[in-house]
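# Here's a sequence, model it:
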Amino acid sequence: MSKTELVKRYLFFVVGLFVNSMGIALITRANLGTSPISSTPYVLSLWHPALSLGMFTLFFSLFLIVLQLIVLGRRFPKHFWLQIPVSFLLSAFIDLSMSIFFFVDPQFYPLQILSLLIGCLVLGFGVFMEVAANVVMLPGECTVKAITMRWHTDFGKTKICVDVTMVVVAAVLGFVLCGTLTGIREGSVISALLVGLIARTVGKLIGEPIQRLLSDKKVPSACV
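Here you go, the predicted model:
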């Protein structure tokens, strides 16, 4: 891979990361729960509002990286260290997106659902961009990858298990810290079901032209 292609892919990834953060913000602002990967940071931010959702996302991401180190030990890939700067960047983007969408505070249930669905669309597109860039994985995906490397499990099934575990942990934290189920609602389930489906659908629709755009390989023109 040439330097030019690498730069293009990293720029595409960073833009995707920002799109990802906007999706998370819109889903969170809907007040119907949030995505599985953000569920624990969200519950912690509700319990301790002095720290932002972005800050708790950073702490949770660093915790996941430590968990990967425990699982993999010496097998921890060098490129996994890129999760650290990415985690700081995502944290900043989430707080920025939460500020940008400060006006999104739907009080009626249909508007909450609308905000949730728009957030799922945006987040799904952001996930597609991150996957298409093919340079760095976020801590959530790296944690799934670490488990599959250690115990040779299926990535898709393992991701479902990890997502469910994150939601359960968030629910338990809500009961322990706030005395009630907080931050986990139907939006958590809806986003868990829709985001991956949206990302895959977008990939089928525009995945090939995006890869041609990111790649340095030239497609030979037809003879006239």
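# which stretches of the chain form helices?
For the chain, the helices defined by DSSP state H cover 3-29, 36-47, 53-72, 83-100, 109-133, 139-151, 155-173, 186-214.
# okay, those helices, which one's buried deepest?
Most buried of those, by mean neighbour count (mean count of other Cβ atoms under 10 Å): helix 36-47, with a mean of 24. Where C-beta positions appear, they are placed from N, C-alpha and C, glycine not excepted.
# what packs against that helix?
helix 3-29, helix 53-72, helix 155-173, helix 186-214 (3 or more Cβ pairs under 8 Å, 6 or more residues apart in numbering; DSSP states H and E).
# helices or strands next to the second one in the packing?
If contacts are counted by 3+ Cβ pairs under 8 Å, 6+ apart, helix 53-72 sits against helix 36-47, helix 83-100, helix 139-151.
# Mind putting the helices of the chain into TSV with mean pLDDT?
Formatted as TSV, the helices of the chain follow (pLDDT from 0 to 100):
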stretch	mean pLDDT
helix 3-29	95
helix 36-47	93
helix 53-72	97
helix 83-100	97
helix 109-133	95
helix 139-151	94
helix 155-173	89
helix 186-214	92
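# now the ones you listed as CSV including distance to Thr180?
What follows is the helices of the chain, written out as CSV (distance: least, Cβ to Cβ, whole Å):
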stretch, distance to Thr180
helix 3-29, 18
helix 36-47, 11
helix 53-72, 19
helix 83-100, 23
helix 109-133, 19
helix 139-151, 26
helix 155-173, 10
helix 186-214, 15
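# Quick one: closest of these to Gly179.
Comparing the helices of the chain by their distance to Gly179 (Cβ to Cβ), the top pick is helix 36-47, with 10.1 Å.
# centre of the chain versus that closest one, how much separation?
13 Å (Cα atoms, centre = their mean, to the nearest Å).
# so which of the helices and strands packed on helix 36-47 comes closest to Met129?
Proximity to Met129, assessed across these by Cβ to Cβ, is greatest for helix 3-29 (2.8 Å).
# what packs against the closest one?
helix 36-47, helix 83-100, helix 109-133, helix 186-214.
# closest one to Glu5 among those?
Once these are compared by Cβ to Cβ, helix 186-214 is nearest, at 6.6 Å.
# I'd like the distance from that closest one to the chain centre, please.
12 Å.
# and if you look at stretch 51-61?
13 Å.
# Stretch 168-185 too?
On Cα atoms, centre = their mean, the centre of stretch 168-185 falls 21 Å from the chain's centre.
# now stretch 117-130
That offset, for stretch 117-130, works out to 9 Å (Cα atoms, centre = their mean).
# again, but for stretch 26-34
14 Å.
# go on, stretch 107-124?
17 Å.
# Please apply the same query to stretch 134-144.
On Cα atoms, centre = their mean, the centre of stretch 134-144 falls 9 Å from that of its chain.
# same thing with stretch 45-65?
Centroid separation between stretch 45-65 and its chain, computed with Cα atoms, centre = their mean, is 14 Å.
# wait, which of the helices and strands packed on helix 36-47 is closest to Val86?
Of the helices and strands packed on helix 36-47, nearest to Val86 by Cβ to Cβ is helix 3-29, at 7.1 Å.
# Alright, calling it a day.
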